[in-house]
Every structure is written in C-alpha cells, then in structure tokens.
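Visitor: fold the stuff below for me.
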Amino acid sequence: MDKSRQDVRIPAPDLWLRGVAIHSGLLDRAAQEAMVADLRAVARVVPFQRMVTPSGRRMSVRMTAAGQFGWVSDRQGYRYAPTHLNGTPWPAIPPSILSVWEAVSGSARTPECCLINFYDADAKMGMHQDKDEADPSEPVVSISLGDAGRFRVGSVTRGGTTESLWLSSGDVAVMGGAARLIHHGVDRIKAGSSTLLPDGGRINITLRVVT
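Guide: Numbering: from 1, shown residues only. Below is the predicted model of the structure:
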C-alpha cells in the first residue's frame with residue numbers, strides 16, 4: 001500500500017541538468033556494495049539478457065528487472081510485462097533500492113518497475129523518452145553503480161542541442177516535472193573508473209510508476 005510522504009524532506013540536488021536533478025555521491029561505498037549484492041540476488045532469478053528490438057537488432061545493454069512489471073523488447077514490440085521473457089515473475093524490488101526512491105522522488109506512490117541495465121565498456125543507450133508509463137507526473141529515479149557513464153540530455157522534443165555530464169558510482173538522477181519526458185541517453189562508458197564491480201562495467205537502475 002502506498003504511504004504518504006508529506007513529512008519526508010527531499011535532499012537538495014547538487015546540480016541541475018536541463019531540469020534533471022543530480023544528487024552526486026548520494027550513496028556511499030557501503031550502500032553501493034549492499035545494493036549490488038541485492039541485484040545479484042535478483043539476477044539469479046531473472047538473468048540479464050540482451051533483448052531484441054522490434055526490427056531484430058540486438059541491444060548492446062543487458063537488462064533485467066524487479067517489481068510488479070519489467071520492461072521487455074522483442075519482435076512484438078517494446079512494453080511493460082509482468083514476467084521475464086522466460087515466463088518467470090519479476091522478484092520484489094529490494095528495500096535498498098526502494099529507500100532511494102523514498103529519499104528523492106517526492107512521490108506518494110511506490111515504484112512498480114525497477115529496470116536494471118548493465119553496460120559493458122562498449123554498450124550505449126540511444127536518445128529516447130520514458131513515455132510508456134500511464135502518469136507522467138510521476139518521476140523516474142535513476143541510480144548509477146560502477147563505471148561512470150556519460151549521461152546526455154536534450155529536450156522534450158526530438159532533435160536540437162544536447163548537454164552531458166559523467167554520472168559516477170553512487171550518483172542519483174531524478175527526471176520529474178518539466179524534465180519528466182526529456183530525451184536522454186548514455187553514449188559512453190568510462191571503463192576502469194570504478195572498482196565497485198570486480199569485472200568492471202556500469203549498472204543503471206531506474207525506478208518508475210507504471211500504472
């Protein structure tokens with residue numbers, strides 16, 4: 001059941017990038033390590049996989065999820081689904097991750113999807129909008145773990161100028177308000193910039209209210 005969060009004080013962002021709130025180093029090393037352990041438990045139930053776009057192209061990013069819904073892609077299209085493509089229900093969102101939503105989202109609702117993306121040194125995510133959710137007044141909260149990723153943002157309309165910054169391990173970004181439907185992507189990974197993941201790479205977690 002959702003609970004009121006009117007009495008929760010949201011920490012001030014360290015900076016803003018075209019309306020996206022950036023909380024630099026919000027998670028310390030111990031919190032990051034605990035979160036990685038929780039993510040490994042999720043991945044043992046619903047393994048990471050490189051999904052296929054509707055056009056048949058295999059994505060460079062590997063994905064899994066937790067919560068009521070996960071985001072999937074195959075020849076049938078992009079969509080939220082209640083199970084992994086192998087039919088396994090998604091595990092519950094770990095409390096270590098929910099605590100970040102509670103700290104920074106300002107939402108009275110509980111996230112229904114925790115999308116977990118793994119980037120190796122060559123992976124990237126093209127510019128896109130998160131617009132498949134029913135209520136765009138609910139924010140998207142993004143957590144970075146591991147190697148730094150260059151986060152690029154544009155505007156609500158496609159095209160035009162962009163700006164970027166490096167998101168490091170422990171950083172949290174919140175896309176809400178006027179920036180909720182902003183185009184964004186990750187166009188480079190700085191391999192070896194973190195020791196959090198023994199084999200390197202970057203994990204990005206995004207929390208969303210779907211319905």
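
Visitor: need the three-state assignment for Arg44.
Guide: helix (DSSP: H, G, I helix; E, B strand; the rest coil).

Visitor: number of nearby residues for the nearest residue to Gly192 once chain neighbours are set aside?
Guide: Among residues not flanking Gly192 along the chain, Gly200 sits closest, at 6.4 Å (CB to CB, 6 or more residues apart in numbering). Where C-beta positions appear, they are placed from N, C-alpha and C, glycine not excepted. For Gly200, the count of nearby residues is 17 (other CB atoms under 10 Å).

Visitor: next one: Arg58
Guide: For Arg58, the neighbour count with other CB under 10 Å is 9.

Visitor: ok so, going back, surely the residue nearest to Gly192 meets Ala191?
Guide: Yes. Gly200 is within contact range of Ala191, at 6.0 Å (criterion: CB atoms under 8 Å).

Visitor: which neighbours do these two share?
Guide: 121, 147 (CB atoms under 8 Å, 6 or more residues apart in numbering).

Visitor: check contacts around the residue nearest to Gly192.
Guide: With contact set as CB under 8 Å, 6+ apart, Gly200 has these partners: 120-121, 146-147, 191-192, 194.

Visitor: swap the cut-off to 7 Å and go again
Guide: Contact analysis of Gly200 by CB atoms under 7 Å, 6 or more residues apart in numbering lists 121, 147, 191-192.

Visitor: element containing Met127?
Guide: Under the criterion of DSSP states H and E, Met127 resides in strand 125-128.

Visitor: mind listing the strands that strand pairs with, and their directions?
Guide: Strand 125-128 has its sheet partners listed here by DSSP bridges as strand 184-190 (antiparallel).

Visitor: pull the CA atoms of the host helix or strand of Leu39 into PDB?
Guide: Leu39 belongs to helix 29-45 when assigned by DSSP H and E. Provided in PDB are the C-alpha atoms of helix 29-45 (Å, rounded to 0.1, in the frame of the first residue of the first chain):
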ATOM      1  CA  ARG A  29      30.500   2.800  -0.800                       C
ATOM      2  CA  ALA A  30      28.800   0.500   1.700                       C
ATOM      3  CA  ALA A  31      25.400   1.300   0.400                       C
ATOM      4  CA  GLN A  32      26.600   0.700  -3.200                       C
ATOM      5  CA  GLU A  33      28.000  -2.700  -2.200                       C
ATOM      6  CA  ALA A  34      24.800  -3.700  -0.400                       C
ATOM      7  CA  MET A  35      22.800  -2.700  -3.500                       C
ATOM      8  CA  VAL A  36      25.000  -4.800  -5.800                       C
ATOM      9  CA  ALA A  37      24.500  -7.800  -3.600                       C
ATOM     10  CA  ASP A  38      20.700  -7.300  -3.800                       C
ATOM     11  CA  LEU A  39      20.900  -7.000  -7.600                       C
ATOM     12  CA  ARG A  40      22.900 -10.200  -7.900                       C
ATOM     13  CA  ALA A  41      20.100 -12.000  -6.000                       C
ATOM     14  CA  VAL A  42      17.600 -10.600  -8.500                       C
ATOM     15  CA  ALA A  43      19.700 -11.700 -11.400                       C
ATOM     16  CA  ARG A  44      19.900 -15.200 -10.100                       C
ATOM     17  CA  VAL A  45      16.100 -15.400 -10.500                       C
END
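
Visitor: how far is that helix from where the chain is centred?
Guide: 15 Å (CA atoms, centre = their mean, to the nearest Å).
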